[in-house]
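Undergrad: okay, sequence plus prediction incoming.
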Amino acid sequence: MDLDLTKEQRLIRDTVRDFAQAEIAPIAAQLDKESRFPIEIFQKMGKLGFLGLPIPEEYGGAGADNISYCLAVEEIGRACGGTGLSYEAHVSLACMPLLLYGTEAQKQKYLTQLASGDGLGSFGLTEPGAGSDAGGTRTTAVLDGDEWVINGNKIFITNGGYASTVVLTAVTDKENKGVSAFIVPTDTLGFSTSSPYEKMGMRASNTVELILENVHVPADNLLGPVNAGFKQFLSTLDGGRVAIAALAVGIAQSAFETALEYAKQRKQFGQSISRFQAIQHKLADMAMHIDLARNAVLKAAWLKDQGRPYTIEASYAKLFASEMCTATCNHAIQVLGGNGYMQEYPVERHLRDAKLIEIGEGTSEIQRLVIARQLGC
Ligand code: CAA
């Protein structure tokens, strides 16, 4: 058993950390305040090869492993939660299904564009009646000659307003509840998006509704076999859950660092508050829980890299890291006291960002359901 990162994994983590701390962290508060998606950061990340980090080089990626990718998500999330979420959705939810289920022609045409940073990807699963019950999809796709005609609405879609390509689900067999996956270029006639949602947190991430009105895509834009879309998306979400858990670790790490630094500087009753046991216990718990969550992420990513099953470990990581992140950000605010509640300090933003991770890519309740089913309950 070897718990050390390889030289390459450390190099990727440090490169992403340097970039994120220099370019993203200084603007994170402003992005949150203005609810602004940092398109210029994504263009830079594209040039640096981050947008296709775990995608093979033959499809425009960097050919790194999933451990390196999770370390990158953590570092970007540590600098800005919303930017980390959009990054993660692009790679895990748009690039990955294209890599796993795309034909060679689809990979050359769509994956290469996304992985090389020439476009942004988005994932369209959630609908008004299909949230936790992802099988409740109502969007339809009907084959008309050599084209699919897609009609429906998708909600809460990360990156939708900036994406060049959306990978989405639609019902293709109403009687048997058959769902298929499709690749939809966003410049297709009939495809439009709403204005961005006003969100509690993750405000640097773009989130919109997708509206599909008689959207015609070539028959070749079916992703994977017909009626296999549901299983494809569940398996895609397994990977996404590991990466979004890494995002939770990054946000929690940032909140912890702020709290630790503050506790050392802040003097009350004649000494630094870090000398008080009440504060020490909080900081000790925060450090321990972050480390345990990071280990859960790395184990699940390692299993994925080995080509081994990791569904239960993905849900362990997502559930533990997301709940840990909210609790850690809450403790960080408490350590900072009145200052923690002020927008001048980053920890209130971290708490608002953290809450999303208990909901997106499967709520905590769904993670417990997945774990219980894996246990044979
Ligand atoms: N991988 C592959 N196949 C899987 C699978 C997995 N992880 N889990 C289940 N399957 C298979 C099952 O074996 C089953 O196959 P058969 O029909 O051949 O037996 C099939 O898929 C259906 O499985 P279930 O019977 O378990 O399906 P279900 O309807 O009971 O639902 C669920 C399962 C776990 C609740 C699922 O609906 C789910 O994960 N829901 C949450 C959805 C979700 O995470 N949404 C997040 C949206 S994305 C997002 O938030 C992104 C963002 O931008 C923030």
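TA: Sure, I can see it. Numbers count the residues shown, from 1 in each chain.
Undergrad: in this protein, which helix is the longest?
TA: Counting residues, the longest helix found in the chain (DSSP state H) is helix 229-265.
Undergrad: give me the buried positions along that one.
TA: 229-230, 232-233, 236-256, 258-260, 262-263 (16 or more other Cβ atoms under 10 Å). Every C-beta, even on glycine, is put in place using the N, C-alpha and C of the backbone.
Undergrad: which residues sit against stretch 331-345?
TA: 29, 33, 255-256, 258-259, 262-263, 273, 279, 282-283, 285-286, 347-351 (Cβ atoms under 8 Å, 6 or more residues apart in numbering).
Undergrad: for the ligand, what are the nearby residues on the stretch 101-250 of the chain?
TA: 123, 125-126, 132-135, 158, 230-231, 234-235, 237-238 (Cβ under 6 Å from any ligand atom).
Undergrad: tell me the two of these that are most distant?
TA: 158 and 231 (21.7 Å; Cβ to Cβ).
Undergrad: which helix or which strand is home to the residue nearest the centre of the chain?
TA: Nearest to the mean C-alpha position of the chain, by Cα atoms, centre = their mean, lies residue 88 at 3.5 Å. Assigned by DSSP states H and E, residue 88 falls within helix 81-88.
Undergrad: and that helix, what does it pack against?
TA: Secondary-structure packing of helix 81-88 (3 or more Cβ pairs under 8 Å, 6 or more residues apart in numbering; DSSP states H and E): helix 28-34, helix 39-47, helix 66-79, helix 229-265, helix 347-357.
Undergrad: would a markdown table of the ones you listed with mean pLDDT and distance to residue 176 be doable?
TA: Below are the helices and strands packed on helix 81-88 laid out as a markdown table (pLDDT from 0 to 100; distance: least, Cβ to Cβ, whole Å):
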| stretch | mean pLDDT | distance to residue 176 |
| --- | --- | --- |
| helix 28-34 | 98 | 45 |
| helix 39-47 | 98 | 39 |
| helix 66-79 | 98 | 34 |
| helix 229-265 | 98 | 11 |
| helix 347-357 | 98 | 34 |
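Undergrad: how about those helices, which one is nearest residue 15?
TA: Taking those one by one with Cβ to Cβ, helix 66-79 is closest: 8.6 Å.
Undergrad: with the ligand in mind, check whether the closest one reaches it.
TA: No - Helix 66-79 is not in contact with the ligand by Cβ under 6 Å from any ligand atom; minimum separation 13.0 Å.
Undergrad: and the gap between residue 281 and residue 331?
TA: 10 Å (Cβ to Cβ, to the nearest Å).
Undergrad: next one: residue 269
TA: Taking Cβ to Cβ, one finds residue 269 at 20 Å from residue 331.
Undergrad: same thing with residue 33?
TA: 24 Å.
Undergrad: out of those two, which sits in the busier spot?
TA: Comparing residue 33 with residue 331 by neighbour count (other Cβ atoms under 10 Å), the higher total belongs to residue 331, at 24 against 12.
Undergrad: tell me the angle the strand or helix carrying that one makes with helix 229-265.
TA: Secondary structure assignment for residue 331, by DSSP H and E: helix 311-336. Here helix 311-336 points in a direction 30 degrees away from that of helix 229-265 (axes from the mean of the first three to the mean of the last three Cα atoms, to 10 degrees).
Undergrad: farthest residue from the center of this protein?
TA: Distance from the C-alpha centroid of the chain, by Cα atoms, centre = their mean, peaks at residue 270 (43.9 Å).
Undergrad: and the pLDDT for it?
TA: With respect to pLDDT, residue 270 has a value of 98.
Undergrad: now residue 134
TA: At residue 134, pLDDT is 89.
Undergrad: grab the nearest non-local neighbour of it.
TA: Nearest residue to residue 134, sequence neighbours excluded (Cβ to Cβ, 6 or more residues apart in numbering): residue 125, at 6.0 Å.
Undergrad: what about this structure, any weak spots by pLDDT?
TA: Judged against pLDDT under 70, the chain has no low-scoring part.
Undergrad: how far away is the residue nearest to residue 78 when sequence neighbours are not counted from residue 66?
TA: Of all residues not flanking residue 78 in the chain, residue 250 sits nearest, at 3.8 Å (Cβ to Cβ, 6+ apart). Per Cβ to Cβ, residue 250 is found 16 Å from residue 66.
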